[in-house]
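**Student:** Predicted model and sequence follow; I will ask about them next.
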Number of protein chains: 4
Amino acid sequence: MSHVIVEISFVPLGVGTSLSKFVAESLRLIRESGLPHEFHSMGTNVEGEWDEVMSLVRRCQDRLFEMGAPRVTTSLKVSERRDKAYHMADKVGTVNRILSER
Amino acid sequence: MSHVIVEISFVPLGVGTSLSKFVAESLRLIRESGLPHEFHSMGTNVEGEWDEVMSLVRRCQDRLFEMGAPRVTTSLKVSERRDKAYHMADKVGTVNRILSER
Amino acid sequence: MSHVIVEISFVPLGVGTSLSKFVAESLRLIRESGLPHEFHSMGTNVEGEWDEVMSLVRRCQDRLFEMGAPRVTTSLKVSERRDKAYHMADKVGTVNRILSER
Amino acid sequence: MSHVIVEISFVPLGVGTSLSKFVAESLRLIRESGLPHEFHSMGTNVEGEWDEVMSLVRRCQDRLFEMGAPRVTTSLKVSERRDKAYHMADKVGTVNRILSER
């Protein structure tokens, strides 16, 4: 089992400059997966097992092609650690705590 | 003038596995800059003029070396458009509106 | 079937600043896969079916943990197009041809 | 002075799926800069001082807008180390030497 946090960002090409409807559709699939996630202006961070997250990425990418994109560029940043439990919420919380303690 | 949204993520190497204090320090410098930003578990998105944002990235990176990191890997994703006004908050808002209208 | 070109870059954390032996081991696994690839100073580009490439990435990442890295950050950039045949060698060749024709 | 190796990848949006002429033009500007570089199928790695490389990135991006792209997404991966001399050619050479010595 490989627990990972993955930042996912899709850029469909050949469909003009407005990508919102593609981003919305991939976010809909991410929500549907039930995996913890964090949507922000440059991508979506998703947490889960490697296989779950990667098959979700594949489903999103297939959906973008179905929606008419002839070409898709996808950036993934995978973060995995085995020295301790590791969750998205903790990462943000720890940093905020350090800053507030000064 | 080049208005950009830049996702910034620093990975200091040679300082062990716990990076929180480095992330906190770079977030402190980002806040100090006064630029609009969005901190999340895989990076920080910052909005501003190209020169402002790039000099901020440089200051953060210098600070990580001062704090003792012998090596730093920085990922930047720059998004720039000239066909219309472009802000972080609008990107997220538009996607949420599409999803809620279904 | 999803034919993709994927840029792969592993950053093991908590193992000091010299990453060469980790990079060498992942390159060895990539070569062993028999997939077309292009090794360069910032990563390795690999071409193949989505499932093949992703299981190769997983094998490399597992190997880095076995070699002692407590934490690994992996960047993947996936490029996929369905409007025409798409190979690494063609991408580079086309650009060089454009430049030489001026 | 900050000596860096930067991987640069431009994705112009709103100009269809064929990006070769844009990639060729940015490679032309990179060559013109005289900085050491390595062109590959997923980007171009450039070595130099931070200011030199960043102003080159800016020039390329401006040129893509001049060529008609209404929107550009640029990925930069900056690698900097201060514990020893650091060059692109050495990175690749060291890894190849490790693999050939087995």
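**Tutor:** Sure thing, it's come through. Numbers count the residues shown, from 1 in each chain, chains lettered A, B, ... in the order given.
**Student:** where does the residue nearest to A:H87 when sequence neighbours are not counted land in three-state SS?
**Tutor:** Residue nearest to A:H87 in three dimensions, not counting chain neighbours: A:E47, with 6.4 Å by Cβ to Cβ, 6 or more residues apart in numbering or on different chains. Glycine gets a C-beta too; all of them are placed from N, C-alpha and C. With DSSP: H, G, I helix; E, B strand; the rest coil as the basis, A:E47 sits in strand.
**Student:** Contact partners for A:E47?
**Tutor:** Residues in contact with A:E47 (Cβ atoms under 8 Å, 6 or more residues apart in numbering or on different chains) are A:3-6, A:35-37, A:53, A:87-88.
**Student:** What's the PyMOL syntax to select whichever of the residues you listed are buried?
**Tutor:** Buried residues among the contacts of A:E47 (16 or more other Cβ atoms under 10 Å in any protein chain shown), as a PyMOL selection:
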select buried, chain A and resi 3+4+5+6+37+53+88
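**Student:** Okay, and which of the contacts of A:E47 map to strands?
**Tutor:** A:3-6, A:37 (DSSP state E).
**Student:** ok, the nearest residue to A:E52 once chain neighbours are set aside - contacts?
**Tutor:** Using Cβ to Cβ, 6+ apart and skipping residues adjacent in sequence, the residue nearest A:E52 is A:L35, 6.5 Å away. With contacts defined as Cβ under 8 Å, 6+ apart, A:L35 is in contact with A:46-48, A:52-53, A:56.
**Student:** Could you provide the residues you listed in a markdown table, with additional columns for distance to B:E66 and pLDDT?
**Tutor:** A markdown table is the format used below for the contacts of A:L35 (distance: Cβ to Cβ, whole Å; pLDDT from 0 to 100):
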| residue | distance to B:E66 | pLDDT |
| --- | --- | --- |
| A:V46 | 34 | 98 |
| A:E47 | 32 | 98 |
| A:G48 | 37 | 98 |
| A:E52 | 40 | 98 |
| A:V53 | 36 | 98 |
| A:L56 | 40 | 98 |
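**Student:** Going by distance to C:M42, which of those residues wins?
**Tutor:** A:V53 (24.1 Å; Cβ to Cβ).
**Student:** Do a quick rundown of the helices in chain A.
**Tutor:** Applying DSSP state H to chain A gives helices spanning A:20-33, A:50-66, A:88-100.
**Student:** So A:V23 is in contact with B:R97, correct?
**Tutor:** No. Using Cβ atoms under 8 Å, A:V23 is not in contact with B:R97, being 11.8 Å away.
**Student:** if you count what's nearby, which of these two comes out ahead?
**Tutor:** A:V23 (25 against 11; other Cβ atoms under 10 Å in any protein chain shown).
**Student:** Spatially, what comes nearest to that one if we skip its sequence neighbours?
**Tutor:** A:V23 sits nearest to B:V95 (Cβ to Cβ, 6+ apart), 5.1 Å away.
**Student:** Check whether that neighbour really touches A:A24, as I assumed.
**Tutor:** Yes. With contact taken as Cβ under 8 Å, B:V95 and A:A24 are classed as touching, separated by 4.8 Å.
**Student:** More neighbours: which of the two?
**Tutor:** In this view B:V95 and A:A24 are compared by other Cβ under 10 Å, and B:V95 has more residues nearby, 23 against 18.
**Student:** For that one, give me the pLDDT.
**Tutor:** Looking at B:V95, its pLDDT is 95.
**Student:** State the distance from it to chain C.
**Tutor:** Going from B:V95 to chain C by Cβ to the nearest Cβ, to the nearest Å gives 21 Å.
**Student:** Please tell me how far that residue sits from A:L27.
**Tutor:** In this view, B:V95 and A:L27 are 6 Å apart by Cβ to Cβ, to the nearest Å.
**Student:** For A:G48, which residues are in contact?
**Tutor:** Contacts for A:G48 (Cβ under 8 Å, 6+ apart) come out as A:3-4, A:33, A:35-36, A:56.
**Student:** Would you format those residues as JSON lines with distance to B:P12 included?
**Tutor:** Converted to JSON lines, the contacts of A:G48 look like this (distance: Cβ to Cβ, whole Å):
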{"residue": "A:H3", "distance to B:P12": "23"}
{"residue": "A:V4", "distance to B:P12": "21"}
{"residue": "A:S33", "distance to B:P12": "32"}
{"residue": "A:L35", "distance to B:P12": "28"}
{"residue": "A:P36", "distance to B:P12": "26"}
{"residue": "A:L56", "distance to B:P12": "30"}
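**Student:** Among those, which one lies nearest to C:V11?
**Tutor:** A:V4 (14.3 Å).
**Student:** Specify the beta-bridge partners of the closest one.
**Tutor:** Assessed by DSSP bridges, A:V4 has beta-bridge partners A:G48.
**Student:** any idea how far it lies from A:S41?
**Tutor:** Applying Cβ to Cβ to A:V4 and A:S41 gives a distance of 22 Å.
**Student:** Kindly export the least confident helix or strand in chain A by mean pLDDT (C-alpha atoms) in PDB.
**Tutor:** Counting by mean pLDDT, DSSP states H and E, chain A has its least confident helix or strand at helix A:88-100, which shows a mean of 93. Output of helix A:88-100 as PDB, limited to C-alpha atoms (Å, rounded to 0.1, in the frame of the first residue of the first chain):
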ATOM      1  CA  MET A  88      -2.800  17.000   3.600                       C
ATOM      2  CA  ALA A  89      -4.500  18.700   6.500                       C
ATOM      3  CA  ASP A  90      -1.500  18.100   8.800                       C
ATOM      4  CA  LYS A  91       0.900  19.800   6.300                       C
ATOM      5  CA  VAL A  92      -1.000  23.000   6.300                       C
ATOM      6  CA  GLY A  93      -1.700  22.900  10.000                       C
ATOM      7  CA  THR A  94       1.900  22.400  11.000                       C
ATOM      8  CA  VAL A  95       3.100  25.400   8.900                       C
ATOM      9  CA  ASN A  96       0.300  27.700  10.300                       C
ATOM     10  CA  ARG A  97       1.200  26.600  13.900                       C
ATOM     11  CA  ILE A  98       4.900  27.500  13.300                       C
ATOM     12  CA  LEU A  99       3.900  30.900  12.000                       C
ATOM     13  CA  SER A 100       1.500  31.700  14.800                       C
END
